[in-house]
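> structure, please.
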Amino acid sequence: MLTQTTTRVLEPSDLGAALAILESEPVANAFVAARVQVAGLDPWRLGGEMWGWYADGRLRSLCYSGANLVPICATPEAVRAFADRARRAGRRCSSIVGPAEPTAQLWRLLEPSWGPARDVRAHQPLMVTDQPSTTVDPDPLVRRVRKDEVEAIMPACVAMFTEEVGVSPMAGDGGLLYQARVAELVGTGRSFARIEDGKVVFKAEIGAATPRACQIQGVWVAPEYRGRGLSETGMAAVLDYALADVAPVVSLYVNDYNAPARASYRRVGFREVGAFMSVLF
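This next block holds a predicted model:
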């Protein structure tokens, strides 16, 4: 049986079909779904193109192509089509990230022309919970960061990013885009911290957020305060805020080699339900 397939850049009129795919896996797709729900499919507002893979005239898989290349509900055949398109366009992204299996296939196809990568994190457990912690008391000193505290939180954000990614977010454009993103999270009430005498001791953000799921990111404890359980009590506090104010399901993903963080999140109540993969350039 022959199947007709095609790949094209989606247009604003394709929004309903795209959202249906994104919402079919609300946790795994939270990052892209949050952007599409706000910006639609216009490339300028979205910050990139949304590619669609069709089989027999029906939209089956997506791939977001912007600062990140993200396969979404992508079948093996769709991944091959997305890889062909990405190869022809040339690399414009700073990372490939998404569910581990299709992302690994995408990278195998792109590595000969796009490699080498600066770092490949092949297995990043995806963890979720839908209830407050029953084992860890939330830190009462963790609170929303105020708009007048952006300058206070920024050094901690830069330190976290540099530790996690291996490069400073202040490189390139002098950090303008990164500072704008931090300010956006503070301004929307999705940045949280424990601040003592003007110093950030713990911080985390709710990054991607949709009505069905949200994602905690940027978890960081000041080096001199590590080993005291502040990541657990802090996460329990942020989890309470997320469930009360943002979404009924809270997720995060973590590097598999970060055993202390995985254990900490499990103690708070998160469970592993899958895996992401990241390729960093």
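> ok, residue 204 - contacts?
By CB atoms under 8 Å, 6 or more residues apart in numbering, residue 204 lies in contact with 192, 193, 216, 217, 218, 219, 220, 234, 235, 238. In this view, the C-beta of every residue, glycine as well, is placed from N, C-alpha and C.
> helix/strand/coil for the first one?
In terms of secondary structure, residue 192 is strand; the call rests on DSSP: H, G, I helix; E, B strand; the rest coil.
> helices of the stretch 101-250 of the chain, residue ranges please.
Assigned by DSSP state H, counting those that start in this stretch, the stretch 101-250 of the chain shows helices spanning 150-165, 176-187, 230-245.
> the residue positioned nearest the centre of the chain - nearest residue in space that isn't next to it in sequence?
What sits nearest the mean C-alpha location of the chain, by CA atoms, centre = their mean, is residue 31, with 5.2 Å. Nearest residue to residue 31 in three dimensions, chain neighbours excluded: residue 208, at 4.3 Å (CB to CB, 6 or more residues apart in numbering).
> go through stretch 203-214 and flag the buried ones.
Using 16 or more other CB atoms under 10 Å as the test for burial, stretch 203-214 gives 203, 204, 205, 206, 207, 208, 209, 210, 213, 214.
> make that stretch 65-73, sorry
Here stretch 65-73 shows 65, 66, 68, 69, 70, 71, 72, 73 as buried, counting by 16+ other CB under 10 Å.
> which residues in the stretch 51-200 of the chain form strands?
Ranges of strands within the stretch 51-200 of the chain are 58-65, 68-72, 95-99, 119-129, 143-144, 191-196, 199-209, based on DSSP state E, counting those that start in this stretch.
> what's the spacing between the shortest one and its chain's center?
Translated: strand 143-144. Remark: strand 143-144 is offset 21 Å from the chain centroid, using CA atoms, centre = their mean, to the nearest Å.
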